[in-house]
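*Asks:* Generate a structure from the sequence data that follows.
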Amino acid sequence: MGILGGSQKMGGCGSPSGGWAKGLVRRKQVDSARSRSGGGGHHQLAKELSILHLIAIGVGSTIGAGVYILVGTVAREHSGPALAFSFLIAGIAAALSAFCYAELASRCPSAGSAYHYSYICVGEGVAWLIGWALLLEYTIGGSAVARGISPNLALLFGGADSLPAFLARQYIPGLDIVVDPCAAVLVIIVTGLLCVGIKESTLAQGIVTTANVCAMIFVISAGTYLGFKTGWPGYELPTGYFPFGVDGMLAGSATVFFAYIGFDSVASTAEEVKNPQRDLPVGIAAALSICCALYMMVSVVVVGLVPYFAMDPDTPISSAFASHGMHWAAYIITAGAVTALCSTLMGAILPQPRILMAMARDGLLPAFFSDINKSTQVPIKSTIVTGIGSATLAFFMDVSQLAGMVSVGTLLAFTMVAISVLILRYVPPDVVPLPSSLQESIDAYSDAQESSGIISQVSGGSSKDSTQPLLGKKDASIDYPILVEKVQDILTEKNRRKIAGWAIMFTCIGAFLLTFAASSLGLSSFLRFSVCGVGVTFLLSGLIVLTCIDQDERRHKFGHAGGFICPFVPLLPITCILINLYLLINLGGATWARVSVWLIVGVLVYVFYGRTHSSLVDAVYVPADHAEEIYHSSGDSLA
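*Replies:* Numbering: from 1, shown residues only. So this is what the prediction gives:
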């Protein structure tokens with residue numbers, strides 16, 4: 001790639017901010033370390049987390065009280081004795097997303113998780129929607145978890161009415177609502193703990209998570225003893241191991257898949273990890289492996305103690321032990337459920353202020369949310385705002401009916417992370433945005449290159465070109481001077497990038513059509529099979545093309561080197577996209593109607609604030625190969 005031509009030095013740089021479509025696809029650098037360092041450390045998060053801290057966050061955020069209830073419902077309705085296989089398949093499906101997260105988290109270790117990756121690889125518009133959806137996910141998720149703690153806490157202390165009056169749920173007739181002071185107090189306590197510091201809050205989460213894991217180990221150990229003592233009555237059934245067939249087991253996998261979605265909290269802390277290239281992939285993999293092993297062992301034990309059709313859907317583990325005379329075990333199991341909920345609550349509130357902070361850093365939200373406290377090195381203002389919002393929602397509203405909205409944000413994030421891996425491998429950004437204050441340095445560097453004999457060539461500035469347009473203050477065509485003797489090579493590379501880009505797009509369209517046709521049972525058979533056939537054709541065509549063409553050599557220079565590399569690309573990310581789209585489509589129309597309202601509000605916020613305040617509005621895009629030299633020529637250096 002060459003460097004900027006003469007038209008750029010006159011200020012005539014193409015400006016995506018000048019058009020709606022171009023503004024939506026403008027992309028930022030791998031991280032915002034340069035902008036953060038410009039504040040004299042004011043914007044620096046504390047690098048305090050090690051592998052053990054990450055495992056505590058991942059396990060604590062993933063293993064909620066759902067495992068104490070989910071095993072009964074799924075075993076009775078879907079899997080039967082094959083429940084452990086449902087958890088295994090769901091764990092493998094979650095691992096596909098974990099592989100994609102691991103590569104992007106180690107290459108792009110900044111706060112923001114899927115929002116950050118989407119902004120780098122896809123564009124500002126998609127990144128905004130992902131970030132906005134994640135804010136909803138964590139707010140509702142944290143509130144729902146908090147509302148679930150008080151009844152379990154009451155049971156732990158003797159009964160439904162055992163909590164003090166100022167903490168017990170109260171019905172307010174005039175408003176026809178049930179307020180939950182205990183839930184609000186717990187959210188405020190967790191918020192205060194998160195404001196103290198990331199290391200301190202993670203240590204507390206590790207302690208609570210350890211208590212939860214100990215409760216699960218008790219269930220596994222005591223249940224195994226009872227199973228061998230009683231002959232495992234749950235497996236001695238005439239219906240066999242698969243009473244609902246393989247389809248039932250797979251349906252159970254789709255249900256329990258959501259028991260694994262907490263590991264993305266690990267990626268949200270990437271900027272606070274001491275050695276992100278090594279620790280983030282290990283932390284994500286270890287947390288997911290531990291959770292999958294615990295889920296499977298608990299499932300094997302519980303469905304073996306009681307026949308699946310006799311399990312209590314509300315308290316399956318407690319009732320299983322009670323059926324064998326161990327009524328006292330209910331206290332340990334309830335304590336495990338309470339600690340699991342507290343740990344999950346911390347995992348739900350932890351990522352939200354960091355996403356707010358990342359969006360504010362990029363100018364899409366007010367700078368108020370990007371403030372980092374100098375003493376604790378955490379985003380205290382964002383943490384307090386999100387904590388107050390979650391506490392208010394938990395106090396006034398029963399959010400159980402909104403629980404499906406939590407899954408939308410997660411699955412959208414999983415899908416975009418998988419697409420981002422494909423983009424990183426085949427069409428990584430080959431231009432980077434520089435601040436408009438460096439325009440003189442860019443012009444001076446262009447002059448120096450031209451005086452050395454480099455020839456300018458106009459690329460046309462089309463949005464369909466494989467190279468992103470330069471951003472600046474005026475609309476104009478874009479010059480990319482190149483060495484004459486390498487014209488053919490560069491044109492070939494452009495064609496490869498263009499083909500790869502179209503293949504990725506057709507793959508995504510095909511995956512959507514296939515999953516939509518497979519899920520839309522109300523359509524006529526002819527229409528379903530027709531749409532399914534088109535989807536399969538697009539999907540396989542894209543997969544074959546991506547498998548046959550070479551991956552982009554620039555991927556080796558993208559972001560931070562030395563981290564985890566996702567295997568089996570493009571097959572693994574495409575499989576991940578298929579699974580997540582299928583789950584998204586099957587969330588139901590009511591859930592999507594509620595989420596759509598939130599997303600429409602987000603679009604309005606972006607249109608009237610984010611689009612015009614984005615840090616990329618006046619940015620100048622230059623070829624990535626020359627960004628380092630331009631920074632050096634301006635007396636700066638890339639971070």
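
*Asks:* any low-confidence regions in the stretch 451-600 of the chain?
*Replies:* Along the stretch 451-600 of the chain, segments meeting pLDDT under 70 span 451-491.

*Asks:* What segments of it are strands?
*Replies:* Counting by DSSP state E, counting those that start in this stretch, the stretch 451-600 of the chain forms no strands at all.

*Asks:* Secondary structure element holding residue 444?
*Replies:* Counting by DSSP states H and E, the element that carries residue 444 is helix 439-451.

*Asks:* where along the stretch 151-300 of the chain do the helices fall?
*Replies:* Ranges of helices in the stretch 151-300 of the chain, per DSSP state H, counting those that start in this stretch, are 181-196, 198-230, 245-256, 264-268, 276-305.

*Asks:* oh, I was asking about the stretch 351-500 of the chain
*Replies:* Counting by DSSP H, counting those that start in this stretch, the helices of the stretch 351-500 of the chain are 351-361, 380-396, 403-426, 439-451, 487-519.

*Asks:* by contact count, what packs against the fourth one?
*Replies:* In this case it means helix 439-451. Counting contacts by 3 or more CB pairs under 8 Å, 6 or more residues apart in numbering; DSSP states H and E, helix 439-451 packs against helix 6-9, strand 620-623, helix 624-633. Every residue, glycine included, has its C-beta placed from N, CA and C.

*Asks:* quick one, the last one and helix 439-451 angle?
*Replies:* This points to helix 624-633. Angle between the axes of helix 624-633 and helix 439-451 is 110 degrees (criterion: axes from the mean of the first three to the mean of the last three CA atoms, to 10 degrees).

*Asks:* now for helix 624-633, which elements pack on it?
*Replies:* For helix 624-633, the packing partners by 3+ CB pairs under 8 Å, 6+ apart come out as strand 431-434, helix 439-451.

*Asks:* coming back round to it: and among the helices and strands packed on helix 439-451, the most buried is which?
*Replies:* Across these, the average number of neighbours (mean count of other CB atoms under 10 Å) peaks for strand 620-623, which reaches a mean of 25.

*Asks:* coming back round to it: and the helices of the stretch 351-500 of the chain: which comes nearest residue 119?
*Replies:* helix 351-361 (8.5 Å; CB to CB).

*Asks:* who does that closest one touch, helix- and strand-wise?
*Replies:* Against helix 351-361 (3+ CB pairs under 8 Å, 6+ apart) you get helix 114-121, helix 124-156, helix 264-268, helix 380-396.

*Asks:* right, and residue 402 touches residue 140 too?
*Replies:* Yes - between residue 402 and residue 140 there is a contact at 5.2 Å, judged by CB atoms under 8 Å.

*Asks:* Pick out whichever of those two has more residues nearby.
*Replies:* When neighbours are counted by other CB atoms under 10 Å, residue 140 comes out ahead of the other of residue 402 and residue 140, with 25 against 19.

*Asks:* distance of the more buried one from residue 262?
*Replies:* Distance of residue 140 to residue 262, computed by CB to CB, to the nearest Å: 14 Å.

*Asks:* Next: residue 156.
*Replies:* Applying CB to CB, the value for residue 156 to residue 262 is 23 Å.

*Asks:* which of the two has more neighbours?
*Replies:* Set residue 156 next to residue 262 and count neighbours by other CB under 10 Å: residue 262 wins out with 27 against 16.

*Asks:* Please tell me I have it right and that one contacts residue 56.
*Replies:* No - counting by CB under 8 Å, residue 262 stays clear of residue 56, with 11.9 Å between them.

*Asks:* out of the helices of the stretch 351-500 of the chain, deepest packed?
*Replies:* Comparing the helices of the stretch 351-500 of the chain by mean count of other CB under 10 Å gives helix 351-361 as most buried, with a mean of 26.

*Asks:* can you give me the angle that helix makes with helix 380-396?
*Replies:* Relative orientation of helix 351-361 versus helix 380-396 (the same axes, to 10 degrees): 130 degrees.
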